[in-house]
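Colleague: Predicted model and sequence below, questions to follow.
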Amino acid sequence: MRDVFYSDVSAAARVLLSVPLERRTEVCLGMMQEAEVADRFLRRLGKMHPHWGNGTLRSAALRRYPVGEPSFRDPDYCSCFQMVLHHLHKDR
């Protein structure tokens, strides 16, 4: 997976907002896996992956149509944002 920035975490968290609570971990890890595969694809073949994009978490998330970005006053969004950060930290 490419370097991760705020926009990557935000896009992934906004996807998780539209996913039932019991599936969020699965979807979060799935987006990270897709980003990893896309990154390897790009490095090996020199072109973007046809489904998961350029190897960024944002690219993998955007194909899932994230909801609009709420503020951090939304506790559900904060929870989703934290989940993404948690799994990124755990993965490294």
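Modeller: Structure's in. What do you need?
Colleague: Work out which residue lies at the spatial centre of the chain.
Modeller: The centroid of the chain falls nearest to Ala12 when counting by C-alpha atoms, centre = their mean (3.4 Å).
Colleague: State the mean pLDDT of the helix or strand harbouring that residue.
Modeller: Taking DSSP states H and E as the definition, Ala12 sits inside helix 6-17. Mean per-residue pLDDT for helix 6-17: 98.
Colleague: Quick one: residues contacting the residue nearest to the centre of the chain.
Modeller: 28, 31-32, 57-58, 60-61, 66, 80, 84 (C-beta atoms under 8 Å, 6 or more residues apart in numbering). All C-beta atoms are positioned from the backbone trio N, CA, C, and that covers glycine.
Colleague: relative orientation of the lengthiest helix in the chain and helix 6-17 in degrees?
Modeller: What stands out as the longest helix in the chain, according to DSSP state H, is helix 24-45. Note on geometry: by axes from the mean of the first three to the mean of the last three C-alpha atoms, to 10 degrees, helix 24-45 and helix 6-17 are set 140 degrees apart in direction.
Colleague: pLDDT on the helix or strand just after helix 24-45, on average?
Modeller: Note on helix 24-45: by DSSP H and E, the next helix or strand toward the C-terminus is helix 57-62. For helix 57-62, mean pLDDT is 96.
Colleague: I would like the residues contacting helix 57-62, please.
Modeller: Helix 57-62 is contacted from outside by 1-2, 4-5, 7-9, 11-12, 14-15, 31-32, 34-35, 38, 48, 52-53, 84, 88, using C-beta under 8 Å, 6+ apart.
Colleague: after it, next one along is what?
Modeller: Using DSSP H and E, the helix or strand that follows helix 57-62 in sequence is helix 75-91.
Colleague: gap between that following helix and the chain center?
Modeller: 10 Å (C-alpha atoms, centre = their mean, to the nearest Å).
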